[in-house]
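Asker: got a predicted model here, sequence first, then my questions.
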Amino acid sequence: MRFGIPTSGKRVTATDPEVESVLRLLEPHPRQRAILKGFVEHETYYLGRFGVCLAAVTKCRMGSLDPGAATLATQHAQRVWRPKAVVMVGIAMGKNPAKQKIADVLVASQVISYEPQRVSEQQVVPRGPLTPASTTLLNRFENAPHWSFCRPDGSKCERHVGPLLSGEKLVDDPAFKAELFDRYPQAIGGEMEGVGPTATACPGFS
Amino acid sequence: MKAICDWADGKKQKKHQPLAAAAAVSLVHHVLSQADVLHGLGKLKQSYEESPNRPPQGTADPTAGLSDLRKRFVEAQDRFPREVSFALVMIPHDERQAWKEAEKWFDDMASGPPRKDGSRCLAFAGGGDTPETITIPASETSDGATCPLLYSLDSWRCWLLRQSTKAPYPGGALNMFHSLAGDACRLLELRDCGEILDGQHIGGKRGEYQHLL
């Protein structure tokens, strides 16, 4: 058990299917027989090897603002593990079923926080940041031509790279969704936790 | 890295969540399976050591960290009087006989019947050090060798013991045990990391033989 070694990567997930999917591919550390589960303060971590990287995996609450949600979970993990990279992996809503399919993967080149707004009588002005993803990580995920993942019907999932909307709302209203994508036409999808890692893992944060 | 599980069209359902999650994880796993994939990425700036919220563990002095850990073990013991007890044993490389005695004392309780004193082991954790990671400086070797030696340092271990088989099991004890065991691992990392003076690495002093409880 080697808590405290600098991990080279860290994954954050928010729902049970997400963390279960990660744990299925997480392997024990070198010279360990099992994945290690540990409690550090208020967080729970699973330690192992993901691909060739030593990884600390944690599951956060849905959203970015709650105690235990993505922002604080990422900050805590950074304090404890000093990772080289933070990758948030999980599920999202798609933008256009005509151009995308279920299980297509959205790689965020930017995270758009759609919650901050100036609301006046005449108009609503977005004030959220558009935080870019790490150039290096984005490069790695764009240069994976041999990746392949098939749906149960045998069709291959695709990868879409572009800005991803992020906010506290669990969107399930076509009108609200249309309003969001009208305001941010460049976005390729939306989710709820991306603001956390981008806020705490962006360059210059200390 | 998020995969599409619905269209937010008023018909949201969880049916596709496992498939979508598996797709996203698959891409991450594929990318992170390449050697040197994170080359070019430095450590993120904020570290545990630099954090103002970090509990006082004495980064510069491993002994101070161990003292703090000992205090926490005692507090854990006080929280569950007469029901469970926590123990941490660390054995340096030159006290292998002591380790055998400790193993004899603890290990046969894992699956066997309660001992005469009523205690049995509920869980243990260990494995902080491996032969590959321990270097004995030449100055500490007893055979006069002039080169540092790699030596097999037996693992430290933590035990959670329960003395009563009738009283209700305190569920919080196991969580506290895992927390203490995790912190013990971190302290062991500090134990032999040494320091760098004038560009030269000086090996740190390893922990002494500890029976915290």
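Answerer: Right, received. Where do you want to start? Residues are numbered from 1 along each chain as shown, chains lettered A, B, ... in the order given.

Asker: in chain A, which residue is closest to the centre?
Answerer: A:M88 (2.6 Å; Cα atoms, centre = their mean).

Asker: give me the pLDDT value at residue 8.
Answerer: You didn't say which chain, so I picked chain A. pLDDT recorded at A:S8 is 47.

Asker: nope, chain B
Answerer: 91.

Asker: A:V86 now?
Answerer: 90.

Asker: how deep is it tucked in, by neighbour count?
Answerer: Residues near A:V86, counting by other Cβ atoms under 10 Å in any protein chain shown, number 22. C-beta here means a position set from N, CA and C on the backbone, and glycine is covered the same way.

Asker: who's it bridged to?
Answerer: A:K10 (DSSP bridges).

Asker: also B:I4?
Answerer: Beta-bridge partners, per DSSP bridges, of B:I4: A:A92.

Asker: hmm, A:N96 and it touching each other?
Answerer: No - in terms of Cβ atoms under 8 Å, B:I4 does not count as a neighbour of A:N96; the distance is 10.1 Å.

Asker: give me the more crowded residue out of the two.
Answerer: B:I4 (29 against 10).

Asker: I'd like the next helix or strand past the helix or strand bottoming out on mean pLDDT in chain A.
Answerer: Taking mean pLDDT, DSSP states H and E as the measure, strand A:9-13 is the helix or strand of chain A with the lowest mean score, a mean of 58. The helix or strand immediately downstream of strand A:9-13 is helix A:16-25, counting by DSSP states H and E.

Asker: what's the angle between the next helix or strand along the chain from that following helix and helix A:16-25?
Answerer: Sequence-wise, the next helix or strand downstream of helix A:16-25 (DSSP H and E) is strand A:36-40. Following axes from the mean of the first three to the mean of the last three Cα atoms, to 10 degrees, one obtains 130 degrees for the angle between strand A:36-40 and helix A:16-25.

Asker: what are the contacting residues of the next helix or strand after strand A:36-40?
Answerer: As assigned by DSSP H and E, the chain's next helix or strand after strand A:36-40 is strand A:43-50. Applying Cβ atoms under 8 Å, 6 or more residues apart in numbering or on different chains, the contact partners of strand A:43-50 are A:2-3, A:7, A:9, A:11, A:19, A:22-23, A:25-30, A:32, A:35-39, A:54-59, A:73, A:76-77, A:80-81, B:28-29, B:32.

Asker: just the buried residues from the residues you listed, in ChimeraX please.
Answerer: Here is the ChimeraX command that selects the buried residues among these (16 or more other Cβ atoms under 10 Å in any protein chain shown):
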select /A:2,3,7,9,11,19,22,23,25,26,29,32,36,38,39,54,55,56,57,58,59,73,76,77,80,81 /B:28,29,32
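
Asker: kind regards, and thank you for your time.
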